[in-house]
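Participant: Sequence first, then the predicted structure, then my questions.
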Amino acid sequence: MAPAGRTEVPPSHAPILASRALAHVATIGPRGEPQSHPVWFGWDGQRLAFSTTKARQKYRNLRRDPRISATITDPERPERYLELRGVAQISDDPDRAYINEMSLRYRGQQFPPSPGEERVVVSFVPTHVTGQ
């Protein structure tokens with residue numbers, strides 16, 4: 001288990017971030033309740049990122065309160081996991097570049113367009129890392 005207060009991913013858990021596992025992203029709902037959503041994610045060595053739309057509850061939750069947590073289970077050993085916590089930053093993705101990158105990674109094809117959909121990229125640098 002990673003020590004409390006750690007802000008970097010331990011080398012032993014780096015393969016989890018390179019996998020095609022889903023990240024379960026937790027945000028704080030409108031009444032203070034936790035809400036968790038599985039998402040495709042990317043890791044650039046410093047930031048975890050995922051795509052969503054402005055119509056989703058997780059987007060509204062993060063606009064109101066940017067605190068976020070993501071838990072990723074090791075697909076090879078389900079008892080192992082990595083949890084990252086931080087403060088989300090949101091940027092528009094009008095050309096859908098990020099969702100297409102994630103779709104190519106996870107499905108091997110472009111993400112199908114949806115008329116009127118406004119996509120964003122949510123990313124964060126971990127301020128707390130733990131795992132087992």
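Facilitator: All right, it came through fine.
Participant: Model confidence for the residue of the chain most remote from its centre, exactly?
Facilitator: Distance from the C-alpha centroid of the chain, by C-alpha atoms, centre = their mean, peaks at residue 115 (24.1 Å). Looking at residue 115, its pLDDT stands at 86.
Participant: what sits against the closest residue in space to residue 80 that isn't next to it in sequence?
Facilitator: Residue nearest to residue 80 in three dimensions, not counting chain neighbours: residue 74, with 3.9 Å by C-beta to C-beta, 6 or more residues apart in numbering. Bear in mind the C-beta positions are built from the backbone N, C-alpha and C, glycine included. By C-beta atoms under 8 Å, 6 or more residues apart in numbering, the contact set of residue 74 is 13, 15, 16, 19, 21, 80, 81, 82.
Participant: measure the residue farthest from the centre of the chain to residue 66 for me?
Facilitator: For residue 115, the distance to residue 66 equals 29 Å [C-beta to C-beta, to the nearest Å].
Participant: Helices along the protein, start to end?
Facilitator: Using DSSP state H, the helices found in the chain span residues 14-18, 57-64, 97-107.
Participant: Point out the one among those that comes closest to residue 31.
Facilitator: The closest of these to residue 31 is helix 57-64. By C-beta to C-beta, the value is 10.7 Å.
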